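J.: below: sequence and its predicted model.
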Amino acid sequence: MNNTQHIFAHLVPQGTPAVLIPFIVCIETISNIIRPGTLAVRLTANIIAGHLLLTLLGNTGPSMSTILLRVLIITQIALLVLESAVAIIQSYVFAVLSTLYSREVN
C-alpha cells in the first residue's frame with residue numbers, strides 16, 4: 001500500500017503516453033498472472049507427450065512378429081533416451097523461467 005507508485009511503475013515501460021497507462025497496467029497484470037499457468041501447461045504437455053508415445057508403442061508389442069518386436073524395443077529405448085533428455089531440458093527451462101518470473105515480482 002505504501003509503494004503503489006513503484007508497483008505501477010514496474011508495469012509500465014518508460015515513455016508510455018499517459019492515456020495508455022491504465023491499459024498497459026491491465027495488460028501487464030494479466031500477463032504476470034497467466035505466466036505460471038502457461039509454464040505449467042507447457043511442462044505438462046511435454047511430459048505427457050513422451051509418456052503417451054511410449055505407452056502407445058508398448059501396447060502394440062504383443063501382436064507383433066519377432067523381427068518387428070526387436071525394432072519396437074530398439075525404438076522404445078531410443079524414445080526413452082530422448083524422453084530423459086527432454087526431462088533434463090524441461091527441468092532447466094523450469095528453473096530458469098521460475099527464477100526470471102520471481103525476479104520480476106521482487
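T.: Here it is on my side, so go on.
J.: chain neighbours aside, what residue packs nearest to residue 11?
T.: Nearest non-adjacent residue to residue 11, counting by CB to CB, 6 or more residues apart in numbering: residue 28, 4.1 Å away. C-betas here are computed from N, CA, C, even on glycine.
J.: that neighbour: which element?
T.: Applying DSSP states H and E as the criterion places residue 28 in helix 21-59.
J.: my read: residue 72 touches residue 63, true?
T.: No: with contacts defined as CB atoms under 8 Å, residue 72 does not count as touching residue 63, sitting 10.7 Å away.
J.: quick one, which of the two is more surrounded?
T.: residue 72 (15 against 8; other CB atoms under 10 Å).
J.: residues touching stretch 61-69, excluding its own?
T.: Contacting residues not belonging to stretch 61-69 are listed as residue 72 [CB atoms under 8 Å, 6 or more residues apart in numbering].
J.: give me the mean pLDDT for it.
T.: Confidence over stretch 61-69 (mean pLDDT, whole number) is 81.
J.: so what's the gap between that stretch and the chain middle?
T.: In terms of CA atoms, centre = their mean, to the nearest Å, the centre of stretch 61-69 is set 36 Å apart from its chain centre.
J.: distance between the ends of that stretch?
T.: End-to-end distance for stretch 61-69, by CA to CA, to the nearest Å: 6 Å.
J.: which residue is nearest the middle of the chain?
T.: By CA atoms, centre = their mean, the chain has its centre lying nearest to residue 42, at 3.2 Å.
J.: OK, contacts around it?
T.: Contact analysis of residue 42 by CB under 8 Å, 6+ apart lists nothing.
J.: this completes my enquiry, with thanks.
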